[in-house]
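Chemist: fold the following for me, if possible:
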Amino acid sequence: MATKDPTAVERANLLNMAKLSIKGLIESALSFGRTLDSDYPPLQQFFVVMEHCLKHGLKVRKSFLSYNKTIWGPLELVEKLYPEAEEIGASVRDLPGLKTPLGRARAWLRLALMQKKMADYLRCLIIQRDLLRDPL
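Modeler: Modelled structure (predicted):
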């Protein structure tokens, strides 16, 4: 019996969760016909799934000197690859209550979605994914 690669299984699970989250978010938004706010559970679930997807893409090989990457670094990289994103990065850096990279990343995701540019920015990261890899 062949064993499945745990990373591939996790990737497939995250993809399915993302699909379900987006589908649920769209269906509930259309059925209620209202503006979504930050307390709306399907929207919260969407952001949690997006955060997990980004973290999954940043996993490094296990080694003695490995460290935990944060998702803020690649999101900052979007500014260099997609100049329109500079405004989001500057806005997030100027927010006084954000002290951690994870907090800045969460704010960045929300601002990108509010500007209706999240897909463009994430596509930019996917296209340039070799810039995110660790040097060997």
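
Chemist: tell me, how many neighbours does residue 4 end up with?
Modeler: Counted with other Cβ atoms under 10 Å, residues neighbouring residue 4 total 8. To be clear about C-beta, it is placed using only N, CA and C from the backbone, and glycine gets the same treatment.

Chemist: measure it to residue 10 for me?
Modeler: Remark: distance between residue 4 and residue 10 (Cβ to Cβ, to the nearest Å) = 10 Å.

Chemist: and what of residue 72?
Modeler: Distance, residue 72 to residue 10, by Cβ to Cβ: 22 Å.

Chemist: the more surrounded of those two?
Modeler: A direct count of neighbours by other Cβ under 10 Å for residue 72 and residue 10 places residue 72 higher, at 21 against 13.

Chemist: touching, residue 10 and residue 57? I think so.
Modeler: No. The pair formed by residue 10 and residue 57 falls short of the contact definition of Cβ atoms under 8 Å, at 11.0 Å.

Chemist: mind giving me the packing neighbours of the longest helix along the chain?
Modeler: For the chain, the helix with the greatest residue count under DSSP state H is helix 6-32. For helix 6-32, the packing partners by 3 or more Cβ pairs under 8 Å, 6 or more residues apart in numbering; DSSP states H and E come out as helix 41-57.
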